[in-house]
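Peer 1: Got a predicted structure plus its sequence, pasted below:
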Amino acid sequence: MNTYQLVALGLALSGLSACSSSSDKHDPLLDEAARYHNEATAIQATLEPRVDQIDSLKTVLTEQSLPANTARIATLDSIKTAFEAWEENLVEVPGMPHEHDHTHGKHEHHHHTDATLKDLPADQMRDLQRETLNSIRQLQDRFDAVVTQTSTSGGR
């Protein structure tokens with residue numbers, strides 16, 4: 001090898017070393033973001049089969065002809081729409097492993113990792129994932145409240 005090849009090889013190895021060492025480091029904020037994401041998708045997995053039954057629940061409520069059921073049906077429609085929008089807007093944490101399965105019944109999931117989101121600073125990604133978790137928790141609470149109201153008033 002001539003001197004030029006040795007210098008080029010040395011620079012290439014230095015560059016590879018620098019790249020691998022920076023990618024091997026885990027940002028604690030991204031770790032936190034991944035935890036929020038995994039918790040949110042765990043809630044999604046338990047809520048989704050219940051959301052899939054909304055149409056059946058609406059049929060039962062319609063057959064009961066109770067005045068309060070009109071509002072419950074509207075709330076169920078709202079929850080279903082919000083759940084579908086939540087799934088559509090679910091964002092992966094770039095470079096982080098996730099624990100959920102992409103085969104949820106008849107639903108198709110698209111996790112968005114476009115350049116703008118992939119390049120979010122770690123603190124913003126953490127905040128986005130925390131908000132995503134809070135949103136799915138709120139949907140779950142709303143759904144539970146409607147089901148509880150329905151079952152205590154003679155539904156289901």
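Peer 2: Yep, that arrived.

Peer 1: all helices in the chain, in order from the N-terminus.
Peer 2: With DSSP state H as the criterion, the chain has helices at 3-24, 28-52, 54-64, 67-88, 115-118, 122-152.

Peer 1: Distance of residue 60 relative to residue 47?
Peer 2: 19 Å (CB to CB, to the nearest Å). Any C-beta I mention is one placed from the backbone N, CA and C, and that applies to glycine too.

Peer 1: Compare neighbour counts for these two and give me the winner.
Peer 2: Shown here are residue 60 and residue 47; by other CB atoms under 10 Å, residue 47 has more neighbours (19 against 12).

Peer 1: The more buried one reaches residue 83, doesn't it?
Peer 2: Yes: using CB atoms under 8 Å, residue 47 is in contact with residue 83, at 6.9 Å.

Peer 1: Now the common contact residues for these two.
Peer 2: With contacts defined as CB atoms under 8 Å, 6 or more residues apart in numbering, the residues adjacent to both residue 47 and residue 83 are residue 139.

Peer 1: hmm, back to that, nearest to residue 96, of the helices of the chain?
Peer 2: Evaluated over the helices of the chain, closeness to residue 96 peaks at helix 28-52, with 4.0 Å, by CB to CB.
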